[in-house]
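A.B. asks: Sequence below, structure please.
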Amino acid sequence: MSTHPVVIHTDGACIPNPGPGGWGALLQQGSHELELCGGEAGETTNNRMELMAPIQALEALKRRSAVQIHTDSTYVRNGITKWVVGWSGNGWRTSAKQPVKNVDLWQRLVAAAAEHDVEWHWIKGHAGHEGNERADRLAAKGLTEAVAAARGV
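C.D. replies: Now for the predicted structure:
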């Protein structure tokens, strides 16, 4: 592993919610940076886009790494650090015995995170944090590109 952790900032966007969505991730390691974004022109949700950002970022890494992920989504941070253990042990059902929403993405995120040594951090969104602001712009770009592609533009 490199001596420098991979620092990842992620964000998702959906306008309206549900509606078309985009995700963005900024990966930084030492002096290296990689910007990733994408989206779905069809109906998706903000939570799905918030999940796609760290999934895509982790899946983009070529080798096991120490990773620090910064998200402004309490849904993502609490889900991956607190809730998934109970959900998976309960057959991917909530404590109320309901199916877990976005189970496909939660399972994909768990698998992607297991390939690395990940620390999860929550950061307040739209508070002027450079990495978060860049991830927000990438998510908006992913949304715009997805909608344009669907229109054939």
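
A.B. asks: wouldn't R137 be in contact with G24 here?
C.D. replies: Yes: if you go by Cβ atoms under 8 Å, R137 and G24 touch, sitting 6.9 Å apart. The way it works is simple: take the backbone N, C-alpha and C, and place the C-beta from them, glycine included.

A.B. asks: who's more crowded, these two?
C.D. replies: G24 (29 against 16; other Cβ atoms under 10 Å).

A.B. asks: Kindly list the longest helix within this structure.
C.D. replies: Longest helix of the chain, by residue count under DSSP state H: helix 130-151.

A.B. asks: Mind listing what's buried along it?
C.D. replies: 131-147 (16 or more other Cβ atoms under 10 Å).

A.B. asks: And for that helix, what's in contact with it?
C.D. replies: 7, 9-15, 20-26, 28, 35-42, 49, 53, 70, 72, 123, 125-126 (Cβ atoms under 8 Å, 6 or more residues apart in numbering).

A.B. asks: Send me that helix as PDB with only the CA atoms.
C.D. replies: Only the C-alpha atoms of helix 130-151 are listed here, as PDB (Å, rounded to 0.1, in the frame of the first residue of the first chain):
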ATOM      1  CA  GLU A 130     -13.400  22.300  -1.300                       C
ATOM      2  CA  GLY A 131     -13.600  18.500  -1.800                       C
ATOM      3  CA  ASN A 132     -17.300  18.400  -1.100                       C
ATOM      4  CA  GLU A 133     -18.000  21.300  -3.400                       C
ATOM      5  CA  ARG A 134     -16.100  19.700  -6.200                       C
ATOM      6  CA  ALA A 135     -17.900  16.400  -5.700                       C
ATOM      7  CA  ASP A 136     -21.200  18.300  -5.800                       C
ATOM      8  CA  ARG A 137     -20.200  19.900  -9.100                       C
ATOM      9  CA  LEU A 138     -19.200  16.500 -10.500                       C
ATOM     10  CA  ALA A 139     -22.600  15.100  -9.500                       C
ATOM     11  CA  ALA A 140     -24.400  18.000 -11.200                       C
ATOM     12  CA  LYS A 141     -22.200  17.300 -14.300                       C
ATOM     13  CA  GLY A 142     -23.100  13.600 -14.300                       C
ATOM     14  CA  LEU A 143     -26.800  14.500 -14.100                       C
ATOM     15  CA  THR A 144     -26.600  17.000 -16.900                       C
ATOM     16  CA  GLU A 145     -24.600  14.600 -19.100                       C
ATOM     17  CA  ALA A 146     -27.100  11.700 -18.400                       C
ATOM     18  CA  VAL A 147     -30.100  13.900 -19.300                       C
ATOM     19  CA  ALA A 148     -28.400  15.200 -22.500                       C
ATOM     20  CA  ALA A 149     -27.500  11.600 -23.600                       C
ATOM     21  CA  ALA A 150     -31.100  10.500 -23.100                       C
ATOM     22  CA  ARG A 151     -32.300  13.300 -25.300                       C
END
